[in-house]
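Participant: I need the structure of the sequence given here:
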Amino acid sequence: MTRNTHRREFLKMSAAAAASVSAGLDLARSVHAAGSDVLKVALIGCGGRGGGAVRDCLEADPGVRVIAVADAFEDRAKAVANDLRAHFAKRVDLPEDRVFVGLDAYQKAIAAGPDLVILATPPGFRPMQYAAAIQAGKHVFMEKPCCVDAPGYRTLWEANQLAESKGLKVGVGFQRRHTPAYIETVKRIHDGALGKLMFLRVYWNGSGIWNRRREPGMTEMQYQVRNWYHFCWLSGDNICEQHVHNLDVANWVMAADGDPKKAHPVEANGMGGCSVRYRGEWKGTGQIFDHHFVEFTYADGTKMFSQCRHMANTWNFVGEAAHGTQGESNCAGWIKGATEWRFKGKGGNAMVQEHKDLIDAIRKDKKYHEGWHGANSSMTAVLGRMATYSGQVVRWDDAVAKGTSEFPKVLAWDAKAPVYPDANGDYPIPIPGVYKPY
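Facilitator: As a prediction, the model looks like this:
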């Protein structure tokens, strides 16, 4: 059995179930196209981002009603359910039997009758949960990244095609694409304000993120899911989990023809490592790098230079830049060079706006499918990680076709985890020159 077996078997079972919901899907489409006030929402993933996303969705539209929440851990699911009941009493319908717990809780939430599903679990779960929601005929908002490995990307691509054929609406948590300053700046770049693009620079350099300790009685699988950011099979490493925002902006800038299916690099080479993250009090708590540098190359030869880092007392910067023959831009509000321009419009909460835009498309039955750039930008991050972990030049087509799964063979609390600590208590961290990208 390979790590991909679990996903394949799941998709086979879900495909069989999909036919039974097609009639309900047609009804849901007609209702929302006609402007029904109520849009039933299920939240899957009740951590910090899930709790934030469901609040953003509630703020985005007065007709939203939360009818189910789900999480692998009981304390998380109940905490979000109680918070929603306390602060949005008239906007939720959450009896205890629709607060779902466990690794299969997402299936129960999807089956509870929502029109729209919010996916905010650790990213390693995203492809199979997205596929399940689409096969069940649900509109989807999914947080980024959308996959952490090549098999996950292939699952996304198939689900995207199915969503498109069903007319389902898909939103992805790349809020920069819903930020007026970014929208106007990228449009001007596409219209030629920088001349011919020469190269792009993208950054997510910060001091670090949370790390959770092992609790008494936890199985290895429970510990890794609880401390998910620190395991590649769950987060994809920080290049995927956070830096994907900046990589997505670069892909957006490069999509001048408007086709998100083709906007991605064709190869990457890079370097990285883990210098400080798992020392001292956090020794033996995870396995991801704390710094990456990648040179990406697009099909036309344009380069994108990428940095992401988690280290205290170092230069912190999060942002993007595009450089062309006639000027440069931060992609987010100004252009310098032959064209001098600065955004003077209004801002707003882009994390609410992305839900507004999705819900508007659902209600008006407008074409809306962010799953394409969600998949490609997530795979761009995976491509970069494969390059930094291996120290090799990794090409897109090879990575997509040959990349191996990071997912466990069996998903259960008492099942074997993908990685284990060694005799010194340290998890295996990839070694460039030894690690094989596929």
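
Participant: ok, which stretches of the stretch 251-400 of the chain are helices?
Facilitator: 350-364, 371-390, 396-402 (DSSP state H, counting those that start in this stretch).

Participant: Just say which of the ones you listed is most tucked in.
Facilitator: Across the helices of the stretch 251-400 of the chain, the average number of neighbours (mean count of other C-beta atoms under 10 Å) peaks for helix 371-390, which reaches a mean of 27. C-beta: built from backbone N, CA, C; applies to glycine.

Participant: and that helix, how far out from the chain's middle?
Facilitator: 11 Å (C-alpha atoms, centre = their mean, to the nearest Å).

Participant: Kindly report the same for stretch 199-208.
Facilitator: Mean C-alpha position of stretch 199-208 versus that of the full chain (C-alpha atoms, centre = their mean) differs by 17 Å.

Participant: How is this protein divided into domains?
Facilitator: 5-176+354-369, 177-345+378-402 (automatic domain parsing).

Participant: re earlier: including mean pLDDT and distance to residue 132, could the helices of the stretch 251-400 of the chain go into CSV?
Facilitator: Below are the helices of the stretch 251-400 of the chain laid out as CSV (pLDDT from 0 to 100; distance: least, C-beta to C-beta, whole Å):
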stretch, mean pLDDT, distance to residue 132
helix 350-364, 98, 19
helix 371-390, 98, 14
helix 396-402, 98, 22
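
Participant: I'd like to know which of those lies nearest to residue 219.
Facilitator: Smallest distance to residue 219 across the helices of the stretch 251-400 of the chain (C-beta to C-beta): 26.6 Å, for helix 371-390.

Participant: quick revisit: nearest to residue 42 among the helices of the stretch 251-400 of the chain would be which one?
Facilitator: Distance to residue 42, taken as C-beta to C-beta, is lowest for helix 350-364 among the helices of the stretch 251-400 of the chain, at 14.2 Å.

Participant: one step back: need the helices of the stretch 251-400 of the chain in a markdown table with distance to residue 424, can you?
Facilitator: Listed next are these as a markdown table, based on distance: least, C-beta to C-beta, whole Å:
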| stretch | distance to residue 424 |
| --- | --- |
| helix 350-364 | 42 |
| helix 371-390 | 21 |
| helix 396-402 | 32 |
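
Participant: Which one, of these, ends up nearest to residue 147?
Facilitator: The minimum distance between residue 147 and the helices of the stretch 251-400 of the chain falls on helix 371-390, with 4.8 Å, by C-beta to C-beta.

Participant: And the helices of the stretch 251-400 of the chain: which comes nearest residue 241?
Facilitator: helix 371-390 (8.4 Å).

Participant: ok now do the nearest residue to residue 270 once chain neighbours are set aside, which residues does it touch?
Facilitator: In space, residue 270 comes closest to residue 294 once its chain neighbours are excluded; the distance is 3.5 Å by C-beta to C-beta, 6 or more residues apart in numbering. Taking C-beta atoms under 8 Å, 6 or more residues apart in numbering, we find residue 294 in contact with 239, 268, 269, 270, 305, 306, 384, 387, 388.

Participant: can you tell me which of the residues you listed lies nearest to residue 67?
Facilitator: Of the contacts of residue 294, the one sitting nearest to residue 67 (C-beta to C-beta) turns out to be residue 239, at 35.7 Å.

Participant: thinking the closest one is in contact with residue 387, fair?
Facilitator: No. Counting by C-beta atoms under 8 Å, residue 239 stays clear of residue 387, with 9.7 Å between them.

Participant: May I see the domains of the chain organised as JSON lines, with distance to residue 417 added?
Facilitator: Putting the domains of the chain into JSON lines (distance: least, C-beta to C-beta, whole Å) gives the following:
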{"stretch": "domain 5-176+354-369", "distance to residue 417": "12"}
{"stretch": "domain 177-345+378-402", "distance to residue 417": "4"}
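
Participant: about what we covered before: can you tell me which of the helices of the stretch 251-400 of the chain is nearest to residue 125?
Facilitator: That would be helix 371-390 among the helices of the stretch 251-400 of the chain, by C-beta to C-beta, at 13.3 Å.

Participant: Pull the closest one out as CSV, backbone CA atoms only.
Facilitator: Extracted as CSV, the C-alpha positions of helix 371-390 are listed here (Å, rounded to 0.1, in the frame of the first residue of the first chain):
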residue,chain,number,x,y,z
GLY,A,371,-9.5,26.8,-7.2
TRP,A,372,-7.3,27.0,-10.3
HIS,A,373,-4.9,29.6,-8.9
GLY,A,374,-5.3,28.1,-5.5
ALA,A,375,-3.9,24.8,-6.8
ASN,A,376,-1.2,26.3,-9.0
SER,A,377,0.2,28.7,-6.3
SER,A,378,0.1,25.9,-3.7
MET,A,379,2.0,23.7,-6.1
THR,A,380,4.5,26.5,-6.8
ALA,A,381,5.3,26.5,-3.1
VAL,A,382,5.6,22.7,-3.1
LEU,A,383,8.0,23.0,-6.1
GLY,A,384,10.1,25.4,-4.2
ARG,A,385,10.2,23.1,-1.1
MET,A,386,11.2,20.2,-3.3
ALA,A,387,14.1,22.3,-4.6
THR,A,388,15.3,23.5,-1.2
TYR,A,389,15.0,20.1,0.5
SER,A,390,16.9,18.4,-2.3
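
Participant: Make 2 the first number, not 1, from now on.
Facilitator: Noted, 2 is the first residue going forward, which turns the last one into helix 372-391.

Participant: can you tell me which of the domains of the chain the model trusts least?
Facilitator: Here the domains of the chain differ in mean pLDDT, and the lowest is domain 6-177+355-370 at a mean of 88.

Participant: coming back round to it: the residue nearest to residue 271 pairs with what?
Facilitator: residue 271, residue 307 (DSSP bridges).

Participant: Which one of the helices of the stretch 252-401 of the chain lies nearest to residue 412?
Facilitator: Between residue 412 and these, the shortest gap by C-beta to C-beta is with helix 372-391, which sits at 20.1 Å.

Participant: what's the span of stretch 418-431, first residue to last?
Facilitator: 17 Å (C-alpha to C-alpha, to the nearest Å).

Participant: what residues does it touch?
Facilitator: Defining contact as C-beta under 8 Å, 6+ apart, one finds that stretch 418-431 is touched by 4, 221-222, 225, 232-234, 275, 279, 284-290, 390-391, 407-409.

Participant: Any idea how many residues pack against residue 283?
Facilitator: Using other C-beta atoms under 10 Å as the criterion, residue 283 is surrounded by 14 other residues.

Participant: Excluding sequence neighbours, find me the nearest residue to it.
Facilitator: Among residues not flanking residue 283 along the chain, residue 212 sits closest, at 5.3 Å (C-beta to C-beta, 6+ apart).
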